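Undergrad: let me see the structure of the following:
(one chain, ligands or ions: 2)
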Amino acid sequence: MLGEVRITPSILNADKSHLQSEIVKIAQVSDLLHLDIMDNHFVPNLTWDLDAASTIIKESPLPVDSHLMVADVDEIAVAYAEAGSASVTIHAEACRDIRQTLRNIKAYGSRASLALKPASQISDYVDFLNEVDMILIMTVEPGFGGQKFMVEMMAKVQETKKLIGSRDIWLQVDGGVSLETIEIAREAGADTFVAGSAVFSSSDPAQMVNMLRARAMGQ
Ligand code: DX5
Ligand code: ZN
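TA: Ligands and ions are numbered 1, 2, ... in the order given. Here you go, the predicted structure:
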C-alpha cells in the first residue's frame, strides 16, 4: 500500500510579476509552497531576500517550504523559521553546525530539513537523521529550474529511504520532477515532490499538480 504523497510546487519559474495569482492557481490542490532562496554564492543565481521572502511567507495561502541555497546558512535558517516557514531546508554543504541549526529551526516551530547536492552522500550525514523532519535529495545541481532529472540519484533516494526506516521523516526530491519522472522517484522511496517548471509552464497548473499526485500514487 502506498503511503502519503505530497506535492510542493516551486515558484522559482512562476510569473514573478503576478506571484500572488500564480500561487492562488495551485493553492487548493498542493500541500506546501516551495520557496527557493538563492544568494549568488552557494549557487550562481539570486532570488528573494529575507524581506521579500517574509512577505511571500506571510501572504501565502499554503504553508511555505523554504529551501535555502545560501552560504553560511546557520544564522539565516533561523530567520526563515522566525518568518513563519512551515519547513526550513538547509544544505549540509553550507552549514557549519548542522545539529544546532536543525534544533534552532525546530525551536521556532518549523519543520527542519537537510538537503544534499548530487555529489554529497547520505552516509556522511546518518547521524542527523534523529534531528530532521525531512531529507531533500537534489535531483539536479541546485541553482536553476528547468533542468533534467538526474535518474542516477535514485540509488541515493533508495539508500536514504532504507536509513529512514520506520522514522517519520519525509523524503523529498527536487529538480526535473515531471509526469515522466515522478513515478521513478516514488518507486525509489520519495514521498514529497518539488515541481517547478512542470507545474508553472503548464496551461493548467492545478490540473498538473493533480496529475502529478495521481501519477505518484500509481493511478
Ligand atoms: C533548483 C530548485 C528547484 C527548482 C525546480 O535549484 O531548488 O526547486 O525550482 O524546478 P524544476 O521543477 O523546473 O526542476
Ligand atoms: Zn528547491
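Undergrad: show me which residues of this structure are close to ligand 2?
TA: Applying CB under 5 Å from the ion, one finds that the chain approaches ligand 2 through 36, 67, 174. (Each C-beta comes from the backbone N, C-alpha and C, glycine too.)
Undergrad: neighbour-wise, give me the winner out of the residues you listed.
TA: residue 67 (29 neighbours; other CB atoms under 10 Å).
Undergrad: that one belongs to a strand?
TA: Yes. Assessed with DSSP: H, G, I helix; E, B strand; the rest coil, residue 67 lies in a strand.
Undergrad: partners of it in the sheet?
TA: In this entry, residue 67 is beta-bridged to residue 36, residue 89, by DSSP bridges.
Undergrad: closest point of this protein to ligand 2, which residue?
TA: Of all residues in the chain, the one sitting closest to ligand 2 is residue 67 (3.8 Å; CB to the ion).
Undergrad: reformat the residues of the chain next to ligand 2 as TSV; add pLDDT and distance to residue 166.
TA: As requested, these are arranged in TSV below (pLDDT from 0 to 100; distance: CB to CB, whole Å):
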residue	pLDDT	distance to residue 166
36	98	31
67	99	26
174	99	24
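Undergrad: same list (the residues you listed) but as CSV, adding distance to residue 160.
TA: Shown next, in CSV, are the residues of the chain next to ligand 2 (distance: CB to CB, whole Å):
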residue, distance to residue 160
36, 21
67, 17
174, 13
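Undergrad: so which of those residues are also by ligand 1?
TA: Residues of these in contact with ligand 1 (CB under 6 Å from any ligand atom): 36, 67, 174.
Undergrad: and the second one, how close does it get to residue 104?
TA: According to CB to CB, to the nearest Å, residue 67 stands 17 Å off from residue 104.
Undergrad: once you drop chain neighbours, what's closest to the residue in the chain that ligand 1 sits nearest to?
TA: Residue of the chain nearest ligand 1, by CB to the nearest ligand atom: residue 196 (2.7 Å). Of all residues not flanking residue 196 in the chain, residue 10 sits nearest, at 3.6 Å (CB to CB, 6 or more residues apart in numbering).
Undergrad: what's opposite that neighbour in the beta bridge?
TA: Beta bridges link residue 10 to residue 34, judged by DSSP bridges.
Undergrad: count the neighbours of it for me.
TA: For residue 10, the neighbour count with other CB under 10 Å is 23.
Undergrad: next, the contact list for it, please.
TA: Residue 10 makes contact with 34-36, 67, 145, 174, 194-196, 199, according to CB atoms under 8 Å, 6 or more residues apart in numbering.
Undergrad: need these in JSON lines (columns: distance to residue 124).
TA: JSON lines is the format used below for these (distance: CB to CB, whole Å):
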{"residue": "34", "distance to residue 124": "25"}
{"residue": "35", "distance to residue 124": "26"}
{"residue": "36", "distance to residue 124": "24"}
{"residue": "67", "distance to residue 124": "20"}
{"residue": "145", "distance to residue 124": "27"}
{"residue": "174", "distance to residue 124": "19"}
{"residue": "194", "distance to residue 124": "23"}
{"residue": "195", "distance to residue 124": "28"}
{"residue": "196", "distance to residue 124": "27"}
{"residue": "199", "distance to residue 124": "32"}
